Structure formats: C-alpha cells, structure tokens
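[1] What would the 3D arrangement of this be:
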Amino acid sequence: MPRPSPRALPDTVTRSDAPSARELLLKLLVSRKNQPLDAATAIRACALFDVADNAVRVALNRLLASGLVETAGRGAYRLGPQGRAMGREVAAWRDLEQQLVPWDGGWVAVLALASPDRKVQRANQRALALLGLRELTAGLCVRPDNLDGGVMRLRKRLRDLGLDRGAPVFQVRELDTPLDKAARGLWPLQALAAAYDQTQAHLQASLTRLPQLPLEAAAREAWLTGDAAIRQLVFDPLLPEPLVPAPARAAFLDTVKAYDDAGKRIWRRFLA
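    Okay, here's the model as predicted:
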C-alpha cells in the first residue's frame, strides 16, 4: 500500500494556501465541541478566506453524505460519530505529553494491505497518518510503542478513526538490527526537531503583532498561523527520546497553547 505519511514539514509556519470550505467547516465544528454551527455563521467565517457561499453549502452537503457531519435542527450542523472521533484526536494535542510513556524499544505494528475499495483505503491512510505510523515493509506500518495504553488502546483509536477492522494491530519486539535501524529512520528526525524551534519563534512573533492588527486581519492571521502550528502537533508522530528532543517539543506545545488561547479570544470577538 502507499506509505501513510503525515504532511511534509512546511517551508513556512504560516499557511500560504487558503483553507478549503470542507477544512474550515470541520475545524469550526471541532472547536465548538457539541455546540451546533448554523449555516450563517459558517458562511461568515468562510468568507474571511474568500470562500463563496455556494462552496460552503456544497461542502456541508458532502460532509453530511460522508457521515462526518449530521444535522442539528433546521440550518444547523454538528459532528457525526466519525467526525467526533476525529475531533477527539485533533483536540487531544493539548494533552499530548500525558499520552506518552517511556519507550522500551518495542513497536506497534499494523498490517494494512492495499484495498481495492478507495473509501477503505482513504480511511486507512487517514487513521495511520494521524497516529504516526509509517510503512516499514510492504503493508506493514509501525510506530514506537510509547503511547499510553499500549497496543490495545492504539487499536481502538485506529478503528475509531476508520481503520479497516480486519487489519491486525499487534506488538513487535526484538527486530533484527538492520530492520530496527530502518524503523528508526522512517521519520525526518532532524526536521522534526528543527521545526519545534522554528514554529515556536514564529508564534511568539505573531503574538506580539496580533493586538496591532484590525480585527478581521487578526482573525485571519490567528487562524492561518495557529492552524499550521496545531497541524504540526496533530500530525507529530510523538516519537520518544532518543529519537527526538522531548524538552523542545514540550516548550513548543506550551507556546501553541498560549497562541490558541489568544486566537480563540480573537475569534469570539469576530463572530460576536
């Protein structure tokens, strides 16, 4: 199967591409937790990024058809069951340090062979990438076994995210030396470490700038800059030491939390 890879590390830590209607809607719904989102608010928020009203309506209909979103009364929407599972994983970035346990050198593996069903294949790819698994050999994806709850909890999280229930999820220990070395090299370790410092510095500069901007400009910058940083955390594979420097990741996390809090205050004013 194609390798499940998180997005490439960006050249800049502020997104240069405008978010799609689908992406904006899902993130608005996740941020509102169980509070419904009405169509008028969705259209207003998307207009800040030059997304047309019709594109918002089309995206809502497609999200409804996919099951990620469901209706919550006339002209109102909320996350559906699979959307809520995805939302929990996305929102878990704030507590990611509590998700980790010391690594003893073991691995969690998933045997996810290519499926002729495109929908199944996309769901597998999304679940594996979101939880930091990479392909070691054909169809065999692995990650360090350093997440709280071990293989049992990871299996449930993967299946909640849409992984094919027939895909085995199991623990692997004592890989031979060449294979263990290959597994440790599946992630861009130096780029991950450098990105923590780079994005942290960019967030701090933006925090200084936001109060000086007009409200709409501040809302747009807070979304784009904060979204890039949160994406970096959500798709961070949460590798253990000695693969990555844990203190640098923890400092980065603290800065993203502060930025996210500032961004939420700005967006509450914008949508008021």
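[2] State whether residue 261 is indeed within a helix.
    Yes: secondary structure assignment places residue 261 in a helix (DSSP: H, G, I helix; E, B strand; the rest coil).
[3] how many neighbours does it have?
    Each residue near residue 261 was counted by other Cβ atoms under 10 Å, and the total is 10. In short, each C-beta sits where N, CA and C put it, glycine included.
[4] Give me the pLDDT for it.
    Per-residue confidence for residue 261 comes out at a pLDDT of 95.
[5] distance of it from residue 203?
    12 Å (Cβ to Cβ, to the nearest Å).
[6] ditto for residue 251
    Distance of residue 251 to residue 203, given as Cβ to Cβ: 11 Å.
[7] The two: which is more packed in?
    residue 203 (23 against 14).
[8] Tell me if I'm right that that one and residue 227 touch.
    No: taking Cβ atoms under 8 Å as the definition, residue 203 is not a contact partner of residue 227, at 11.7 Å.
[9] where exactly do the strands run in the protein?
    Defined through DSSP state E, the strands belonging to the chain, from first to last, are 37-38, 69-71, 76-79, 107-111, 134-137, 140-144, 169-172.
[10] Make CSV from the ones you listed and add mean neighbour count and mean pLDDT to it.
    Rendered in CSV, the data for the strands of the chain read as follows (neighbours: other Cβ atoms under 10 Å; pLDDT from 0 to 100):
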stretch, mean neighbour count, mean pLDDT
strand 37-38, 18, 92
strand 69-71, 17, 92
strand 76-79, 20, 92
strand 107-111, 21, 97
strand 134-137, 17, 96
strand 140-144, 21, 97
strand 169-172, 15, 96
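[11] any idea which residue sits dead centre in this structure?
    residue 234 (3.4 Å; Cα atoms, centre = their mean).
[12] a markdown table for the strands of the chain, including distance to residue 127?
    Putting those into a markdown table (distance: least, Cβ to Cβ, whole Å) gives the following:
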| stretch | distance to residue 127 |
| --- | --- |
| strand 37-38 | 25 |
| strand 69-71 | 19 |
| strand 76-79 | 17 |
| strand 107-111 | 9 |
| strand 134-137 | 13 |
| strand 140-144 | 10 |
| strand 169-172 | 10 |
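[13] Of these, which is nearest residue 197?
    Closest approach to residue 197 among the strands of the chain (Cβ to Cβ): strand 140-144, 22.2 Å.
[14] Neighbouring strands - and their directions - for the closest one?
    In its sheet, strand 140-144 lies beside strand 107-111 (antiparallel), strand 134-137 (antiparallel), with partners assigned from DSSP bridges.
[15] so which of the ones you listed gets nearest residue 179?
    Taking Cβ to Cβ as the measure, the strands paired with strand 140-144 were each checked against residue 179, and strand 134-137 came out nearest at 7.2 Å.
[16] picking that back up, minimum distance to residue 63: which of the strands of the chain has it?
    Nearest to residue 63 among the strands of the chain is strand 69-71 (3.9 Å), distances taken as Cβ to Cβ.
[17] What does the pLDDT read for residue 39?
    Confidence at residue 39, expressed as pLDDT, is 92.
[18] which intervals of the stretch 1-150 of the chain have sub-threshold pLDDT?
    Low-confidence segments of the stretch 1-150 of the chain, defined by pLDDT under 70, span residues 1-17.
[19] Recalculate using a threshold of 50.
    1-12 (pLDDT under 50).
[20] which stretches of this protein form helices?
    Read by DSSP state H, the chain holds these helices, from start to end of the chain: 21-31, 39-47, 53-66, 81-91, 118-130, 150-160, 177-184, 189-209, 215-234, 246-271.
[21] got the CA positions of the third one in CSV?
    It refers to helix 53-66. As requested, the backbone C-alpha atoms of helix 53-66 are provided in CSV (Å, rounded to 0.1, in the frame of the first residue of the first chain):
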residue,chain,number,x,y,z
ASP,A,53,-21.4,30.9,-0.1
ASN,A,54,-22.2,28.2,-2.6
ALA,A,55,-18.9,26.4,-1.9
VAL,A,56,-19.9,26.3,1.8
ARG,A,57,-23.3,24.8,1.1
VAL,A,58,-21.8,22.2,-1.3
ALA,A,59,-19.1,21.3,1.4
LEU,A,60,-21.8,20.9,4.1
ASN,A,61,-23.8,18.6,1.8
ARG,A,62,-20.8,16.4,1.1
LEU,A,63,-19.8,16.3,4.8
LEU,A,64,-23.4,15.2,5.6
ALA,A,65,-23.2,12.4,2.9
SER,A,66,-19.8,11.2,4.3
